[in-house]
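>>> okay, predicted coordinates and the sequence, questions at the end:
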Amino acid sequence: MTEMTTDQLEELRDRISLFKQFTGFVRKQPLGTAGGVVVILYILMAVFAPYITGFDPTENFYQNQFVAPGMQFPMGTDEWGRDILTRVIYGSRTALFVGFTCAIVGSTVGLVLGVGSAYYGGLIDLLFQRVMDVFMAFPLIIMALAIVSMSRSLHLPPDTSVYFVIIAITIPFIPRCARVVRASALAIREIPYIDAARANGFSDARIILRHMVPNVMAPYLIMITAFVGQAILLEASLSFLGLGVQDPVPAWGLMLRNAQEFIRTEPWIAIWPGVAISLGVFGFNLFGDAIRDALDPKLRTQ
């Protein structure tokens, strides 16, 4: 039997360590694991949508209007004869695209602003906080509604509506992430090695990028996971109100809006997109809470 080299032993130890971390996470966070499974399923559904269903989500089949759930159409059809299962599957692409884009962009901009404000302090930090106070004074949905309403006055094509929804949801996320990151960055700024870096003549950019940003990644990642579920719910809310994604783009909130007048006679038109929204937001929230518990040292020690 051949002996293992040092590199092979190190690789084996790393694999065993990762496996132990994974099993430990599953054991300590059963609800978070369930949420993670939902997240993975939604991502797979969005990526492999063309291979899961053979129907076009935007094509109308008037001969199949209001077909109840059955073998040919497992979730039934809507008022235009479109397969609801196909619309739900392709709607996951819209929801995840909006959710991840808003969460990542909003959290990244908030990270930059929060760390910069904490590092420079003084008048810059004071002005930054007052601007953030103005944005924080408005609820998420109110600010998103105001931004989308302004964009609707431009009368742009329906297929561009999703990008204005992203902008409307991302902007309110920025101050919320910036506040959290700034609080962590203020504590890091007082650590002696930051003073040592300044004494060695390191530039501000190097100190921020090499010494401060890596130490605030935990709250940054927590905010991203928390924002995805919120963004999906906000996008669905805006679409339901007629201010979000427009037809023929498949979106869960838009499907609910179109199903309002048929909910008494053809309830399946509203049930399935509602289930998709609820399950998706619930899964992302559970997974986000588990990530928060895993990355927050205060919660790990409890």
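On my side now, so go ahead.
>>> for the rest of this, base every contact and every neighbour count on C-alpha atoms.
Will do.
>>> low-confidence ranges in this structure?
Applying pLDDT under 70 to the chain flags residues 1-22, 24-26, 152-160, 296-302.
>>> next, name the residue at the spatial heart of it.
Nearest to the geometric centre of the chain sits Val228, at 1.7 Å (C-alpha atoms, centre = their mean).
>>> does that one touch Phe284 like I think?
Yes - using C-alpha atoms under 8 Å, Val228 is in contact with Phe284, at 6.9 Å.
>>> what helix or strand does the residue nearest to the centre of the chain sit in?
Using DSSP states H and E, Val228 sits within helix 217-240.
>>> can you name the element that comes right after that helix?
Past helix 217-240, the next helix or strand by DSSP H and E is helix 252-258.
>>> ok, and what's touching that next one?
With contacts defined as C-alpha atoms under 8 Å, 6 or more residues apart in numbering, helix 252-258 is touched by 88, 91-92, 95, 235-242, 244-247, 269-270, 273-274, 276-277.
>>> of these, which qualify as buried by neighbour count?
Neighbour counting by 16 or more other C-alpha atoms under 10 Å classes 88, 91-92, 95, 235-240, 244-247, 269-270, 273-274, 276-277 among the contacts of helix 252-258 as buried.
>>> coming back round to it: give me the nearest residue to the residue nearest to the centre of the chain, chain neighbours excluded.
Gly99 (4.6 Å; C-alpha to C-alpha, 6 or more residues apart in numbering).
>>> okay, buried residues for the helix or strand where that neighbour lies please.
In the assignment (DSSP H and E), Gly99 maps to helix 84-120. Residues 84-119 are the ones in helix 84-120 that count as buried (16+ other C-alpha under 10 Å).
>>> what is the distance between that helix and the centre of its chain?
Distance of helix 84-120 from the chain centroid (C-alpha atoms, centre = their mean, to the nearest Å) equals 5 Å.
>>> helices or strands up against the helix or strand following it?
Per DSSP H and E, the first helix or strand lying C-terminal to helix 84-120 is helix 122-136. In terms of contacts (3 or more C-alpha pairs under 8 Å, 6 or more residues apart in numbering; DSSP states H and E), helix 122-136 is packed against helix 84-120, helix 161-189.
>>> restricting to C-alpha, output helix 122-136 in CSV.
In CSV, the C-alpha atoms belonging to helix 122-136 read as follows (Å, rounded to 0.1, in the frame of the first residue of the first chain):
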residue,chain,number,x,y,z
GLY,A,122,-15.6,63.7,11.0
LEU,A,123,-17.7,65.9,8.7
ILE,A,124,-17.9,63.2,6.0
ASP,A,125,-19.4,60.7,8.5
LEU,A,126,-21.8,63.4,9.8
LEU,A,127,-23.1,64.3,6.4
PHE,A,128,-23.3,60.6,5.4
GLN,A,129,-25.4,59.8,8.4
ARG,A,130,-27.8,62.6,7.8
VAL,A,131,-28.3,61.5,4.2
MET,A,132,-28.9,58.0,5.3
ASP,A,133,-31.4,59.2,7.9
VAL,A,134,-33.4,60.8,5.1
PHE,A,135,-33.5,57.5,3.1
MET,A,136,-34.2,55.5,6.2
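>>> residues contacting Ile147?
Ile147 makes contacts with Ile167, Ala168, as judged by C-alpha under 8 Å, 6+ apart.
>>> and the nearest residue to Arg182 once chain neighbours are set aside, how far from Ala185?
In this structure, Arg182 finds its nearest non-sequential neighbour in Gly114, 4.3 Å apart by C-alpha to C-alpha, 6+ apart. Gly114 sits at a distance of 7 Å from Ala185 (criterion: C-alpha to C-alpha, to the nearest Å).
>>> over to Val38?
33 Å.
>>> between the two, which has more neighbouring residues?
Ala185 (23 against 20; other C-alpha atoms under 10 Å).
>>> my guess is the more buried one meets Leu113, correct?
No - applying C-alpha under 8 Å, one finds Ala185 not in contact with Leu113, separated by 10.8 Å.
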